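Engineer: Here is the input, now give the coordinates:
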Amino acid sequence: MANPAPEDGADNRAPLAVKRLSTLRSLAAAFGSWRTASVVLLSFSSGMPLGLVWMAIPDWMRSAGVDIRLVGLFSLAQAPWSFNVIWAPLMDRYRPPFLGRRRGWAAIAQILLALSILSLASVGHRPETPWVVAAITLAIALAAASQDVAIDAYAVDVLRPEEQGVAVGARIALYRVGMFIAGGLSITLAAQYSWPLVCVGLALLFLPMIVVSIFAPEPPGVFSPPHTLREAVWLPFLGFLARHRALEILIFVVLFKAADNFAQALLRPFLIDMGYSDFDRGMALATVGMFTTIGGAILGGVMTNVLGLGRALWLFGALQVFSNLGYVLLANIPTHRVAMYSAMGFETLCQGLGTGAFSVLLLRMTQKRFSAAQYAMFSTLFGFGRILSGPVAGFTVDAVGWSTFFLISIPLGIPGLVMLARFVPLGQREPRFEFAEVEPGEPWSRRQLATRALFGGAVAFVLASSTVALLAALKALRSEPTHGFAWGSKILELWWPVTLGTWLQLIAIIAFAVGLGVMTAALAAVRRGAGRDLAAGRASHFETPAS
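Structural biologist: Down below sits the predicted model:
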């Protein structure tokens with residue numbers, strides 16, 4: 001077994017132990033690093049499939065005359081990005097026979113993406129085969145979601161702490177560029193030329209990405225993978241929950257963007273109701289919003305190096321809380337283009353700043369031995385706010401109006417700051433991720449842990465299905481008030497699905513319940529002293545670097 005490089009063992013426990021460079025030297029080292037360049041370039045490869053699946057393919061199908069009901073089903077192809085936490089442990093456990101544990105999976109996914117997108121060219125002039133396009137779209141989404149797991153895990157494994165801030169901002173920028181090229185630009189080029197030609201061009205863009213995966217540096221002091229599938233699923237939970245204030249950190253992950261998610265959920269309808277033209281809305285959302293978000297993310301990542309992660313989270317988190325004040329003003333004045341652009345620019349800039357610092361936190365929290373599973377878990381938790389905010393926001397606006405709605409969104413960001421204070425006191429430069437001090441007890445047996453897992457999973461299943469049914473019933477009540485509040489029937493629809501959409505909802509709820517069940521058992525084990533070596537990043541978990 002090789003000794004770990006200092007950054008591989010230290011960054012998960014106490015970032016302050018890492019040698020601090022001056023600001024200029026830190027930025028120069030980050031920008032001049034092939035590690036950073038590799039991670040950033042691979043983010044372009046991550047952004048392209050989402051733009052293609054989310055924007056370009058539905059636009060193509062509708063333009064070709066495909067029934068709108070079928071076009072709506074194409075949105076379900078986005079599901080693998082939400083479900084990749086299910087197979088992420090497999091990517092920790094199994095290693096491809098080439099390029100190492102992260103780059104190997106990334107290259108395999110990129111090859112599959114290139115072939116899948118190239119296969120779209122063969123049906124580019126045949127809109128009468130939408131089901132074939134749907135099947136290919138799902139294959140693209142599965143490969144893309146797997147690629148994201150591999151690339152995110154690679155970023156965790158290879159980046160040094162002083163490189164993380166700059167890398168995060170640049171990753172977000174290149175990701176958005178990839179989305180734009182495969183999304184909006186592809187639609188424009190297809191109108192000028194053809195979809196088959198566009199698909200061939202997009203497939204060819206993955207070839208240099210494969211080259212980057214081949215020549216990207218392998219992380220030094222590579223952690224040994226879990227030895228069994230059980231370890232791959234169990235140990236990531238155990239390793240994280242053994243940290244001090246682990247539950248508070250998880251709650252913070254869910255709540256940090258609560259105010260932003262709530263306000264952003266209905267931003268487009270808000271601008272329509274305020275009387276802004278198609279041009280103004282498009283300019284605000286697609287141009288001003290995109291550039292300020294990218295600029296904010298880059299600035300947030302850079303400033304995280306300068307301020308320290310703890311201070312950056314506090315500063316940018318507080319800015320996020322009050323960034324919706326511009327929309328409150330906008331809701332109370334006549335249509336004013338400059339005011340609208342200013343409000344949008346300020347809010348999205350603050351959103352980008354918070355995203356930059358928060359993304360660095362995710363990198364720091366993730367343990368390198370389980371970087372695929374843990375980062376996917378954090379990303380899934382982070383996405384809960386976006387999923388729940390839309391239905392709740394709609395009813396809030398209907399009840400109180402736009403001005404009060406945006407006022408209400410502001411205090412929603414305060415609980416996230418409260419949870420931040422639990423593990424990063426105000427003014428502390430860096431968070432310290434240390435294992436919890438517990439009094440070791442008699443370890444639970446497997447049967448006892450399984451019982452706790454079943455109990456936790458059952459509670460999670462009931463709560464999740466009840467919440468989803470509640471939101472569906474509220475949505476139905478809003479659209480058809482005469483039908484009454486049909487919460488019971490929505491529960492039955494969810495538990496006995498007949499459509500693809502409800503099947504996906506049920507699968508998501510089951511996956512959530514399984515995750516919470518495993519977490520419940522892991523938390524019980526941690527309270528008896530399990531997982532201390534995992535949380536502390538012991539050197540016994542290292543193997544020699546891959547050749």
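
Engineer: Now for the one residue sitting closest to the centre of the chain: which residues touch it?
Structural biologist: Central residue of the chain (Cα atoms, centre = their mean): residue 379, 3.8 Å from the mean position. Contacts for residue 379 (Cβ atoms under 8 Å, 6 or more residues apart in numbering) come out as 85, 152, 362. Every C-beta, even on glycine, is put in place using the N, C-alpha and C of the backbone.

Engineer: Likewise for residue 327?
Structural biologist: Counted by Cβ under 8 Å, 6+ apart, residue 327 has contacts 263, 270, 343, 347, 402, 406.

Engineer: Could you pull up the mean pLDDT of whatever helix or strand residue 269 lives in?
Structural biologist: If you go by DSSP states H and E, residue 269 is part of helix 267-273. The predicted model assigns helix 267-273 a mean pLDDT of 82.

Engineer: what's the following helix or strand after that helix?
Structural biologist: Next along from helix 267-273, by DSSP H and E: helix 278-282.

Engineer: Only alpha carbons, please: show that following helix as CSV.
Structural biologist: What follows is helix 278-282, C-alpha atoms only, in CSV (Å, rounded to 0.1, in the frame of the first residue of the first chain):
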residue,chain,number,x,y,z
ASP,A,278,-41.2,37.8,-25.6
PHE,A,279,-38.0,39.6,-26.6
ASP,A,280,-37.5,41.1,-23.1
ARG,A,281,-38.1,37.8,-21.4
GLY,A,282,-35.8,35.9,-23.7
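
Engineer: So which residues make contact with that helix?
Structural biologist: 268, 271, 272, 337, 340.

Engineer: Can you say which of these are buried?
Structural biologist: By neighbour count, with 16 or more other Cβ atoms under 10 Å, the contacts of helix 278-282 hold 271, 340 as buried.

Engineer: Mind telling me the two of the contacts of helix 278-282 farthest from one another?
Structural biologist: 268 and 337 (16.5 Å; Cβ to Cβ).

Engineer: Could you report the separation of residue 488 from residue 503?
Structural biologist: As for residue 488, its distance to residue 503 is 20 Å (criterion: Cβ to Cβ, to the nearest Å).

Engineer: more crowded one of these two?
Structural biologist: residue 503 (13 against 10; other Cβ atoms under 10 Å).

Engineer: ok, the residue nearest to the more buried one when sequence neighbours are not counted - contacts?
Structural biologist: Once flanking residues are discounted, residue 503 sits nearest to residue 497: 4.5 Å by Cβ to Cβ, 6 or more residues apart in numbering. Shown in contact with residue 497 (Cβ under 8 Å, 6+ apart): 503, 505, 506.

Engineer: Any chance of CSV for those residues, columns secondary structure?
Structural biologist: Shown next, in CSV, are those (DSSP: H, G, I helix; E, B strand; the rest coil):
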residue, secondary structure
503, helix
505, helix
506, helix
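
Engineer: What distance do you get for the closest residue in space to residue 212 that isn't next to it in sequence to residue 227?
Structural biologist: In space, and not counting its chain neighbours, residue 212 is closest to residue 41: 4.9 Å by Cβ to Cβ, 6+ apart. Distance, residue 41 to residue 227, using Cβ to Cβ: 33 Å.

Engineer: With neighbour numbers in mind, choose between those two.
Structural biologist: Shown here are residue 41 and residue 227; by other Cβ under 10 Å, residue 41 has more neighbours (18 against 10).

Engineer: Okay, and that one sits in which element?
Structural biologist: Going by DSSP H and E, residue 41 is in helix 34-51.

Engineer: Next one: the residue nearest to residue 212 from residue 352, what distance?
Structural biologist: 20 Å.

Engineer: now do residue 335
Structural biologist: 26 Å.

Engineer: Between these two, which is the more surrounded one?
Structural biologist: Counted by other Cβ under 10 Å, residue 335 and residue 352 do not tie: residue 352 has more neighbours, with 28 against 13.

Engineer: Show the pLDDT at that one.
Structural biologist: 87.

Engineer: That one touches residue 296, doesn't it?
Structural biologist: Yes - using Cβ atoms under 8 Å, residue 352 is in contact with residue 296, at 2.2 Å.

Engineer: I'd assumed residue 356 was in a helix, is it?
Structural biologist: Yes - read with three-state DSSP, residue 356 is one of the residues of a helix.

Engineer: and the residue lying closest to residue 130 once chain neighbours are set aside, how far is that from residue 333?
Structural biologist: Among residues not flanking residue 130 along the chain, residue 66 sits closest, at 4.9 Å (Cβ to Cβ, 6+ apart). Residue 66 is 42 Å from residue 333, where distance means Cβ to Cβ.
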